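J.: Structure for this input, please:
(chains A and B)
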2 protein chains.
Amino acid sequence: MRICLVGLGAVGQGFLRAVQMKGEYLRERYGLDIRFTGVADSSGALHDPDGLDIRGILEHKKRAGLGSYPSGYEGMTGDELLDEAEYDCLVEATPTNIEDGEPGRSLVLKAMGEGKHVVTSNKGHLALFYSELMEAASEAGVEFMFEASVGGAMPIINLARETLASCTIESVIGILNGTTNFILSRMASEGSSYRQALIEAQELGIAETNPAQDVEGTDAACKAVIIANSILGRPCTLRDVRVEGITGITQGAIELAAQEGYLIKLIAEISGDRLEVGPRLVRMGSPYAVDGTLNMATLRTDLAGEVTAVGRGAGSLETASAMLTDTITIWRKSGGR
Amino acid sequence: MRICLVGLGAVGQGFLRAVQMKGEYLRERYGLDIRFTGVADSSGALHDPDGLDIRGILEHKKRAGLGSYPSGYEGMTGDELLDEAEYDCLVEATPTNIEDGEPGRSLVLKAMGEGKHVVTSNKGHLALFYSELMEAASEAGVEFMFEASVGGAMPIINLARETLASCTIESVIGILNGTTNFILSRMASEGSSYRQALIEAQELGIAETNPAQDVEGTDAACKAVIIANSILGRPCTLRDVRVEGITGITQGAIELAAQEGYLIKLIAEISGDRLEVGPRLVRMGSPYAVDGTLNMATLRTDLAGEVTAVGRGAGSLETASAMLTDTITIWRKSGGR
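T.: Numbering: from 1, shown residues only, chains lettered A, B, ... in the order given. Got it, this is the predicted structure:
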């Protein structure tokens, strides 16, 4: 299987590492031999129909962008790479852009238009243009998979569609953002203020320098939109979500909740008539009381009752694991074993 | 898809009800039209290549066995039914027998020998003869699926194999028996003695009149064996499990644990060098601290870190939902959409 990878941040690099680590496993277990025939980051790209040197790329990337790689084309964009590279599947790991979904949206549509399968970890295009992307995939007759876009290594999209295939999912309620869960957990366990906990998260690399997308609830809202469309079959976009972040949560509120046996969590609720993200009280000891950067989601179903999944919501290798599972699924569906 | 259903206890009846409830959903979503061409219980069997009347069977079963059904054959066994019925897939829901795995083992092998797919909820034959059954399925080139045999509606087998296909599973630690979890939860929350909590569980239909398989840990041990074989690829049988039940747990021990922030749970641990079921201390607030009849399992993986699934470990419709998902998977693999 020839893969073109666009986007070489933490998740893109994690995907390269994951394939490197699991090469033998993939060949033995699934008869799947992955060859990277094109890779691009924001500084340039490289391609080779015979397969690129993953180890060399990962080594180089520690110091500089692909534009300065010996056989690299400086300034070549992902879009240009798709014209040059020979590939079967695009793995798209460009940053989430909630203004217009670019460059992810154009890359995904271009690859589909050329009859290629797509795996993505990006939330922006999905949260803004879900229906358009699905129609393009369906018209082109290609697979389009996006488990990694919601909750990193927490299984949810494929869990609902495959592992719970007999069930109708009535609602999904969960913690879909690890950064805010870390901040709220620290405020509860250490008595920190919101400001202190945020700074700690930034120092640990859990929160970004500009934490707005996380702490204002936008990141969780994007994931809620993807869940609503893909699991509940409810057409919607980011504009339809009622969003409230955690910036207004005080230490006093958290203490008051604790006295009554509750925690404050940033909860997303997606059902037939609800699509919202906001702080809520959850009972200590309930499945919603998970700590740290963990994500969780409870799926209410008609046959199986409530099913809950818990996993790491972020992380380079963790998120890459979901993309690699999607890649394996595409390989199996297109005739691999 | 023509199904022959053998075993019409709570799970078998749940399967009939689930297919009845979801008939339109299955046709619309998967193009799958399920027809029951044979059904057997311990009193008799009936068959019809054009499909049996599910509603009539469920109504009759409330009052009496299939032997007395108008078009039924009194005394016809499941084995005899397989000779008579025309079917594509055997759904085997006979009771778990940990002595010799019968009648499940013979039924499953017979169906496979005739080139039929098999879905089972039974643990006995899997815990005793896992390798033999897998080889038979492989030789016959048929699908053999058993999600329902471990943890009812808690996804685990398919979760590990499909949803976490990119990962190597290093260990599984979990609560695999709902009855004992209910008893231990009541002892902790109500201060009941073991004896009181067991009687309450029996009155609620959660524990059987003879609760030995649950409270002595055998049921959880069977599930541990199935997980070891199917998820960790570790060949073993029931005889290889170190098992300790909960009959020796006192109210005093539970109180002592609680004072230190711990709960006592019946935990199964399956890894490369461990295969055991026994009471353990778990921290309050950890994923292992689930209440009531819930089951849970944490899978430690190489790429995705720890992934936890929580769901109802028993229940007629809940367990049937796992069998129906397996049926859908077989349908999709054999060319359905």
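
J.: Provide a list of residues in contact with the residue in the stretch 1-150 of chain A positioned nearest to chain B.
T.: Nearest to chain B, among the residues of the stretch 1-150 of chain A, is A:Ala18, at 5.7 Å (CB to the nearest CB). In short, each C-beta sits where N, CA and C put it, glycine included. Listed by CB atoms under 8 Å, 6 or more residues apart in numbering or on different chains, the contact partners of A:Ala18 are A:317, A:320-321, A:323-324, B:166, B:303.

J.: Just the residues you listed: which are in helices?
T.: Among the contacts of A:Ala18, the residues falling in helices (DSSP state H) are A:317, A:320-321, A:323-324.

J.: and chain B, which of these reach it?
T.: A:317, A:320-321, A:324 (CB under 8 Å from any CB of the partner chain).

J.: Quick one: the strands in chain A, in order.
T.: A:2-6, A:35-41, A:44-47, A:73-74, A:89-92, A:117-120, A:144-145, A:169-175, A:242-243, A:262-271, A:275-283, A:294-301, A:306-312 (DSSP state E).

J.: tell me, how many neighbours does the closest residue to A:Ser131 other than its chain neighbours end up with?
T.: Spatially, and ignoring its direct neighbours in sequence, A:Ser131 is nearest to A:Pro235 (5.8 Å; CB to CB, 6 or more residues apart in numbering or on different chains). Residues within reach of A:Pro235, counting by other CB atoms under 10 Å in any protein chain shown, total 12.

J.: Am I right that A:Pro235 is in contact with A:Met134?
T.: No - the criterion here is CB atoms under 8 Å, and A:Pro235 misses it with A:Met134 at 9.8 Å.

J.: How about the residues of the stretch 151-300 of chain A by chain B?
T.: A:153-155, A:158-159, A:162-168, A:284-285, A:287, A:289-291.

J.: swap the cut-off to 10 Å and go again
T.: For the stretch 151-300 of chain A, the residues in contact with chain B (CB under 10 Å from any CB of the partner chain) are A:152-168, A:263, A:284-287, A:289-291, A:294, A:296, A:298-299.

J.: Show me the residue at the heart of chain A, geometrically.
T.: Geometric centre of chain A, nearest residue: A:Ser149, 2.3 Å, by CA atoms, centre = their mean.

J.: Show the pLDDT at it.
T.: Looking at A:Ser149, its pLDDT reads 96.

J.: Now do the contacts for it.
T.: Going by CB atoms under 10 Å, 6 or more residues apart in numbering or on different chains, A:Ser149 touches A:96, A:119-127, A:157, A:222-223, A:226-227, A:230, A:319, A:322-323.

J.: May I see the buried residues of stretch A:181-198?
T.: A:181-188, A:192, A:194, A:197-198 (16 or more other CB atoms under 10 Å in any protein chain shown).

J.: make that stretch A:329-337, sorry
T.: A:329-332.

J.: Return the closest of these with respect to B:Gln251.
T.: Nearest to B:Gln251 among the buried residues of stretch A:329-337 is A:Thr329, at 49.2 Å by CB to CB.

J.: Show me what the residue nearest to that closest one when sequence neighbours are not counted bridges to in the sheet.
T.: Nearest-residue entry for A:Thr329: A:Met145, 6.4 Å, with adjacent residues in sequence omitted and distances by CB to CB, 6+ apart. For A:Met145, the beta-bridge partners under DSSP bridges are A:Val119.

J.: How many residues are close by A:Met145?
T.: That count, for A:Met145 with other CB under 10 Å as the rule, works out to 22.

J.: how about it, what does it touch?
T.: A:89, A:117-120, A:137, A:157-158, A:322-323, A:325-327, A:329-330, A:333.

J.: try 8 Å this time
T.: A:117-120, A:326, A:329-330.

J.: Among those, list the two that are farthest apart in space.
T.: A:Thr120 and A:Thr329 (13.5 Å).

J.: Overlap of the contact sets of A:Pro235 and A:Met134?
T.: A:Asn229.

J.: of all the residues in the stretch 1-150 of chain A, which ones are close to chain B?
T.: Counting by CB under 8 Å from any CB, the stretch 1-150 of chain A sits next to chain B at A:18, A:21-22, A:25, A:30.

J.: Among those, name the buried ones.
T.: For the residues of the stretch 1-150 of chain A next to chain B, buried by 16+ other CB under 10 Å: A:18, A:21-22, A:30.
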